[in-house]
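Colleague: Generate a structure from the sequence data that follows.
(chains A and B)
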Amino acid sequence: MKAAPLREALQRRLGRIAEPQILFPLIAVVLLAAMWIATAGIIRLKHTEAEHDAALLSRELLGTYEAQVVRVLREIDQTLNLVKFWHERNAMRGTLSELKDRGLLPPDLVFSVSIADRDGTIVESTRPLGGESVADQDYFRKQRDGGAILVGKLPRGATGDGKLLFSKRLNGPKGDFDGVVMVAVDAAFFVSGYDAAKLGEHGVLGILGTDGIVRVRRSGESMFSGDALDYASVLPTPDDADAVPPVSRSSWDGEWRWSTAREIYGFPLAILVGLAQEEQLAAVRKDAVIYLSWAAAGSVGIILLMAVLGRMSWQLAQSRLRESESKLEHARRVEYLAYHDGLTGLPNRSMFSKLLAQRISEARRYDKQLAVAFLDLDRFKQINDTLGHEAGDQLLVEVAARLQGCVRDSDTVARLGGDEFVVLLPEMEDGKQAIVVAQKILAVIGKAFTLIGHEFRVTASIGISVYPQDGQDEQTLTKNADIAMYQAKAEGKNNFQFYSEKLNANSLERLTLESSLRHALERNEFRLYYQAKRDMRSGRIAGMEALLRWEHPDLGTVAPMQFIPVAEDTGLIVPIGKWVLKTACLQSAAWQKEGLPPLSVAVNMTARQFLDEYLLQDLAAILKDTGMNPNLLEIELSESLLIHDVETTLRILTGIKLLGVRIAVDDFGTGYSSLATLQRFPLDTVKIDRSFIGELVGPSEDAALADAVIAMGKSLSLTVIAQGVETKEQAEFLRAHACDELQGFYFNRPLPAYQFAQLMRAQTADISYVGTRAGLLNPQL
Amino acid sequence: MKTTWLSAMIFAVLTAGVRAEDIVVIVNPAAKPVSKAQVADIYLGRSAELTPIDQTVGSSIYVQFYQKATGRDAAQVKAIWSRILFTGRGQPPKQLPDSAAVKKSVAANPNAVGYIEKSAVDATVKVALPLD
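Modeller: From the prediction side, this is the model:
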């Protein structure tokens, strides 16, 4: 039971050890400890060995020295005995010369032999005689009383040039005292075996009397005599005679030595050998210094290595940390990008959904209201198309800033994409708050924007849905705000609308329309109808206008008024418009091939199409592909479109004109355009708006207005066409006022291509028939 | 006059002791000549190929000989022979009282080598090496 936490704790500890700031110092400490322990061990071992060697050496030296001393002493003793024997036997002078001549005396170099008579006077000697007396000498008196060999002393402090005196009593014939025989030896002789190679400069070789007085001792080249030692303590007890000699401190020079002594058998003397510890261990100490230096160098190496490894490891850890931080930073950035719009920095759709869901749950909990306001810029697509994306982006950024400037901090502004923004107003007390905010928004958006050096005004349409009445969840609220926004657009833009159930139905229809419109081209659901334009005077067909119809599989034929605005808003108008142009041109070319008369074909063009940047290219391509005569093609544009941006319009119109295509102004008279402006455009035809025609039969001032409009067209030297002519009276009036061509239900309804072809064939065959047919046809349809 | 004579006498005695006379190393006429290095080895106990014969220790000729032949003074020579003697590796050269005795000994022993004043050389011995 307890094992698991224990093991965990252990693992944690071990884990910590693996961290570089702990691991490398730890390794360093372990290595250093191992190295220093090994070094200390080696030094200690060497030291012990050296001590052992020194002890052995001292014993070996003692043995050698003993042998040498014993031999010399025996020789001296023999000499004394020989002289004694010779003297006592012959009892006459000349003993020494006799013996010397026989070569029985030791070399003169170190030994000198003398004989003193019973009075102490030197009577014979191997050295020159000076009549000295030894009667007062201590040994002389002692020999007079005893008979053993005596070893003399040297004065304390003598430095080796003294003589060590060995003496023996001489007996007369009756055993009475007859003098003393003496052998004097250079004290230095006894220590001449000092071998510096083994004993060094501070070793000791010496001879000691049983009286405790040192006869002579030598250290290096210096000799000394006369120190007193405690004889008993110097000599080892017989038990430990073979033991390793101890280290002791010398009383005379303070040197620590392995000292050993041995008594000489048969003589009152002992020998002394000492090895200086410092000297004997010098080599080991030197080695120790070398080992310690190596260990120190090794330590520095280890520390450096560990420092380098530690540092590298630390840097690695740091770079890993940085890497993970940068990953984290990257992740944050990715998350930011995932939840924010890159252009404006506002929350994006995902973020907004999350926020909205969160706010809804809060509002539910605290029983509050909240509003979602959808906002769409009304003319954004045109700005984007005419001024370019950069200007469009600039506008969006500015709009985002303005939106944020007019809401509270607790409100949220998000960009859903394109020019769609949404404002979330949580914690609303009542709907009026949303109204205030919506008005504020419309006001700030309505202020002029300066884009690429030009001032522009845009408007916005806002749709608002409110929790809880317009939806209980995020999706419903969003969808309903969107529907309300479409309603605001439908209401003429630049306004805001609250969501209501009714709106939902309308918008659903529109949504359905929009989605099926997307597939209409592919499914080939569009048809072109043709309506004749008739010459005012002859009544013959002067041309035709191509009119678009959508044959929806479920809804039946959908009128242009219903779907063109949707196509315009969604941009679908561009491909649809191209299809119309192409189809009209192909049809016209086909009819001419059949041998039908070449008639002009008018095609309507919306603002979106007109401002499409590929318009001229597309137009040229269509003319080329279909083999259509450009002079027969007429583009109809509404007057309000022309005067919107005069310079741009002029540029495009000139382009169209260069292709050889004719240009007509539709709905002429409604755009309040000045004559001066119209004069600048390369126009061919004006079509008087149906509103003027409809009033012709009423009060006379209306007729005057129509007359003025016709006169205006005439003054521009243009072909004037009357649109929407539905009654005979209207036709009569227009004919009287010199209108050029007529178009309307009174003469011809729009017809499918094959019927229109029949109409043309009939006219070719019989002009009067067509004229009456036209008159007859109208009231029925 | 008397003092002048006395001074001359004293001077003569002093210079006789101080002034170095030429010393020669002698061998038996039958022996081969020796080199200076051989002489030094023989007299310092390092070689036993010939038997060295010494003069009185501390005499003028002794001192001069060792100085010239071995480059050592009397004390050093004594220390060397002391050590040899003490350690039992040899005996110091036999000492004879004067050059005549040395000459006689060398003449008698074909293995002997000795040193005497140059002036003392005669036909009984052969000069092996002059020292100057």
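Colleague: Residue A:35 is in contact with residue A:299, correct?
Modeller: Yes. Counting by C-beta atoms under 8 Å, residue A:35 is a contact partner of residue A:299 at 6.8 Å. (Glycine included, C-beta is placed from N, CA and C.)
Colleague: pLDDT below threshold where in chain B?
Modeller: Applying pLDDT under 70 to chain B picks out residues B:1-20.
Colleague: Could you list the residues of chain B in contact with chain A?
Modeller: Residues of chain B lying close to chain A by C-beta under 8 Å from any C-beta of the partner chain are B:57, B:78-79, B:81-83, B:85-88, B:91-92, B:95.
Colleague: Next step: those restricted to helices.
Modeller: Among the residues of chain B next to chain A, the ones falling in helices (DSSP state H) are B:78, B:79, B:81, B:82, B:83, B:85, B:86.
Colleague: In terms of residue numbering, what are the domains of chain A?
Modeller: Domains of chain A are assigned by automatic domain parsing as A:46-280, A:349-499, A:519-773.
Colleague: Select the longest strand from chain A.
Modeller: strand A:541-552 (DSSP state E).
Colleague: Work out the sheet partners of that one and label each with its direction, please.
Modeller: In the sheet, strand A:541-552 lines up against strand A:526-535 (antiparallel), strand A:556-558 (antiparallel), strand A:600-604 (parallel) (DSSP bridges).
Colleague: Tell me the buried residues in it?
Modeller: A:541, A:542, A:543, A:544, A:545, A:546, A:547, A:548, A:549, A:550, A:552 (16 or more other C-beta atoms under 10 Å in any protein chain shown).
Colleague: Identify the bridge partners of the nearest residue to the fourth one once chain neighbours are set aside.
Modeller: In space, not counting the residues next to it along the chain, residue A:544 is nearest to residue A:530; the distance is 4.5 Å by C-beta to C-beta, 6 or more residues apart in numbering or on different chains. In this entry, residue A:530 is beta-bridged to residue A:546, residue A:751, by DSSP bridges.
Colleague: show me the residues around residue A:530 that make contact.
Modeller: By C-beta atoms under 8 Å, 6 or more residues apart in numbering or on different chains, residue A:530 lies in contact with A:544, A:545, A:546, A:547, A:587, A:601, A:750, A:751, A:752, A:753, A:756.
Colleague: The fifth one: helix or strand, and which one exactly?
Modeller: Mapping residue A:587 onto the secondary structure by DSSP states H and E places it in helix A:573-594.
Colleague: Go ahead and name everything in contact with that helix.
Modeller: Contacts for helix A:573-594 (C-beta under 8 Å, 6+ apart): A:520-521, A:526, A:528, A:530, A:546, A:548, A:564, A:567, A:598-599, A:601, A:603-606, A:608-609, A:612, A:618-619, A:622-623, A:625-628, A:632-633, A:753, A:757, A:760.
Colleague: Residue 104 in helix, strand or coil?
Modeller: Just going to use chain A. Assigned by DSSP: H, G, I helix; E, B strand; the rest coil, the conformation of residue A:104 is coil.
Colleague: that's the wrong chain, I meant chain B
Modeller: Under three-state DSSP, the three-state class of residue B:104 is helix.
Colleague: mind listing what it touches?
Modeller: residue B:124.
Colleague: pLDDT wise, what is residue A:17 at?
Modeller: You'll see residue A:17 listed with a pLDDT of 71.
Colleague: if I read this right, it contacts residue A:26, doesn't it?
Modeller: Yes. Under the criterion of C-beta under 8 Å, residue A:17 makes contact with residue A:26 at 6.4 Å.
Colleague: What's the local residue count around residue B:21?
Modeller: 14 (other C-beta atoms under 10 Å in any protein chain shown).
Colleague: how close does it sit to residue B:77?
Modeller: According to C-beta to C-beta, to the nearest Å, residue B:21 stands 20 Å off from residue B:77.
Colleague: next one: residue A:554
Modeller: Distance, residue A:554 to residue B:77, by C-beta to C-beta: 149 Å.
Colleague: hmm, back to that, filter the contacts of helix A:573-594 down to just the buried residues.
Modeller: The neighbour count (16+ other C-beta under 10 Å) marks A:520, A:526, A:528, A:530, A:546, A:548, A:564, A:567, A:599, A:601, A:603-606, A:608-609, A:612, A:618-619, A:622-623, A:626, A:628, A:632-633, A:753, A:757, A:760 as buried among those.
Colleague: and those, which of them are in strands?
Modeller: Here DSSP E is the test, and those give A:526, A:528, A:530, A:546, A:548, A:601, A:603, A:604, A:633 as lying in strands.
Colleague: so which residue of chain A comes closest to chain B?
Modeller: Per C-beta to the nearest C-beta, residue A:192 is where chain A lies closest to chain B, at 4.1 Å.
Colleague: Identify the residues contacting the residue nearest to residue A:620 when sequence neighbours are not counted.
Modeller: In space, and not counting its chain neighbours, residue A:620 is closest to residue A:659: 5.8 Å by C-beta to C-beta, 6+ apart. Applying C-beta under 8 Å, 6+ apart to residue A:659 gives the contacts A:616, A:619, A:620, A:623, A:630.
Colleague: what does residue A:281 give?
Modeller: Shown in contact with residue A:281 (C-beta under 8 Å, 6+ apart): A:47, A:50, A:51, A:54.
Colleague: redo that, cut-off 7 Å
Modeller: Going by C-beta atoms under 7 Å, 6 or more residues apart in numbering or on different chains, residue A:281 touches A:47, A:50.
Colleague: Residue A:726: neighbour count?
Modeller: 15.
Colleague: Hmm, it is touching residue A:745, no?
Modeller: Yes. Residue A:726 is within contact range of residue A:745, at 4.9 Å (criterion: C-beta atoms under 7 Å).
Colleague: before we move on, back to that, may I ask which two of the ones in strands among the buried ones among the contacts of helix A:573-594 are separated the most?
Modeller: Largest separation among those by C-beta to C-beta: A:526 and A:633, giving 18.7 Å.
Colleague: so where does the residue nearest the centre of chain B fall, helix or strand?
Modeller: The residue lying closest to the centre of chain B (C-alpha atoms, centre = their mean) is residue B:115, at 3.8 Å. Residue B:115 is part of strand B:112-117 when elements are defined by DSSP H and E.
Colleague: quick one, which of residue A:554 and residue B:77 is more surrounded?
Modeller: Comparing residue A:554 with residue B:77 by other C-beta under 10 Å, the one with more neighbours is residue B:77, at 23 against 6.
Colleague: any idea how far residue B:93 is from that one?
Modeller: From residue B:77 to residue B:93 the distance is 10 Å (C-beta to C-beta).
Colleague: and residue A:190, how many neighbours?
Modeller: For residue A:190, the number of neighbouring residues by other C-beta under 10 Å comes to 29.
Colleague: wait, isn't it in contact with residue A:207?
Modeller: Yes. Counting by C-beta under 7 Å, residue A:207 is a contact partner of residue A:190 at 5.2 Å.
Colleague: Helix or strand: which one has the nearest residue to residue A:28 once chain neighbours are set aside?
Modeller: With C-beta to C-beta, 6+ apart as the criterion, residue A:28 has its nearest non-adjacent residue at 4.0 Å, and that residue is residue A:306. Using DSSP H and E, residue A:306 sits within helix A:282-339.
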